[in-house]
Each structure stands twice: as structure tokens, then as C-alpha cells.
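Colleague: Just the structure for this:
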Amino acid sequence: EDGIRDLVRSRGLGDVYKRQVTRRKVTMKSVILGFILLSSAALEAQDLESTKQKFIGDYELVNYVTFGEDGTERDMHYIGRLSYDRFDNMAGLGMPIDLPSRAENSSERTIGGFGYWGKVSWDLEAGTVTHHVVGSPMVPQWVGGDNVRYFEFIEDDLLALSIKNSQGRITGTLTWRRLK
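Modeller: Predicted structure coming up:
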């Protein structure tokens, strides 16, 4: 009746200390998890930056091979140039090596090959570099689209860019050597 008996008895300092330890454990787990996530994000950013740096430069086309449905390999006999800069831009040009001689033997305008430029982005998990096409006088329907290439550095200065169809089959590979 005086309200004293209704009060909850103190559990002592031990219970208060135990609650603090539990909170510290939760807080410490949160800090560790946060650190791991930040470290992981930092490593991914570092890997992306490292990959970008590896791409920067000018390349000459060593080989352009296409692969038929039956697995047959066809050398396209192309020459070309490819450039990536530090501002995430790219430009690529390629033509059949015999295009000049074909033009000499024709009274018509002779064209062939590819030429385009644009921005570039990478997806390290998928192993792709995407050329976001801004201009393409040879294949105007590419403008506004994305040319996705699966990349592999065979050596420091040798870059393979593969094209896959919608079923995931490699239909072509262009191998580029960095110019020095």
C-alpha cells in the first residue's frame, strides 16, 4: 500500500555488467562485419582500378577468329587497332587485310570491317568489358548499343576479347597485342 513492496528488486551490478558485455559483443560483431564489408568493397574497387590500368593503351590486332556452330574455326584475316584511355573511353578499328587489293579490282566503293568508339565499363565478376557505342560509321546500328566482350589477359601485353551469342557460346575471339 505504500508502494514499496511493488518495486522490482534490483538484480545487482552483475546483471547490469552482463547486459553491457552482451551489448559489447553485438557492437564488436557489427564493427567486425562492417570492417569486412568495407575491406571487401575496397578490394573490389582496387581490383577494378587495377584492371582498368591494365587495359589502358594502344593495341594491334594479332588475330580475329570466328567459330561456327559445328566448332569450325575461321581466320578472318583482319588487321586493326584498339585503344583504351584513362577516362574510360575506347576506340576500335578493323578491316580485312585484303581490302585494299579488293578495292583496286573494283570500280565500286569497297568497304568492310568495323570501326566504333564510346565509353567502356567492366564487370569483373562476369569477366566482361562493355563498349558502350557512341559512334560507328561502318555499323551504324551499333550506335547506342553495347558490345560486350569477355576478356582475358593471356600475357601482360596480349589481350583476348571473345564474343558470345545469346546461348553463351563463343562465336569469335579477337586477340590484341599492346603496342610499345
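
Colleague: Show me the helices in this structure, by range?
Modeller: 12-55, 99-104 (DSSP state H).

Colleague: now Phe87: how far from Pro137?
Modeller: Distance of Phe87 to Pro137, computed by Cβ to Cβ, to the nearest Å: 22 Å. All C-beta spots, glycine's among them, are computed from the backbone N, C-alpha and C.

Colleague: quick one, which of these two is more surrounded?
Modeller: The neighbour comparison of Phe87 against Pro137 (other Cβ atoms under 10 Å) goes to Pro137, with 11 against 8.

Colleague: Was I right to think that one contacts Gly115?
Modeller: Yes - counting by Cβ atoms under 8 Å, Pro137 touches Gly115, with 5.9 Å between them.

Colleague: low-scoring stretches of the chain, by residue?
Modeller: 1-45 (pLDDT under 70).

Colleague: burial measure for Gly135, as a count.
Modeller: Neighbours of Gly135 (other Cβ under 10 Å): 12.

Colleague: Could you do Gly80 as well?
Modeller: 19.

Colleague: likewise Asp47?
Modeller: 12.

Colleague: Would you agree Gly113 is in contact with Leu99?
Modeller: Yes - proximity of Gly113 to Leu99 meets the contact threshold set by Cβ under 8 Å, at 6.8 Å.

Colleague: now the strands for this protein?
Modeller: According to DSSP state E, the chain carries its strands in the segments 57-67, 73-75, 78-84, 89-96, 114-123, 128-135, 146-155, 158-164, 170-178.

Colleague: What are the contacting residues of the fourth one?
Modeller: Residues from elsewhere that reach strand 89-96 (Cβ atoms under 8 Å, 6 or more residues apart in numbering): 61, 64, 76-84, 102, 112-120, 131, 174.

Colleague: returning to what we had before: of the strands of the chain, which approaches Glu108 most closely?
Modeller: Judged by Cβ to Cβ, the one of these that comes nearest to Glu108 is strand 89-96, at 15.6 Å.

Colleague: Give me the sheet partners of the closest one and which way each runs.
Modeller: Looking at strand 89-96 with DSSP bridges, its partner strands are strand 78-84 (antiparallel), strand 114-123 (antiparallel).

Colleague: show me what contacts the residue nearest the centre of the chain?
Modeller: Against the mean C-alpha coordinate of the chain, by Cα atoms, centre = their mean, the closest residue is Trp122 at 2.0 Å. By Cβ under 8 Å, 6+ apart, the contact list for Trp122 reads 48, 51-52, 128-130.
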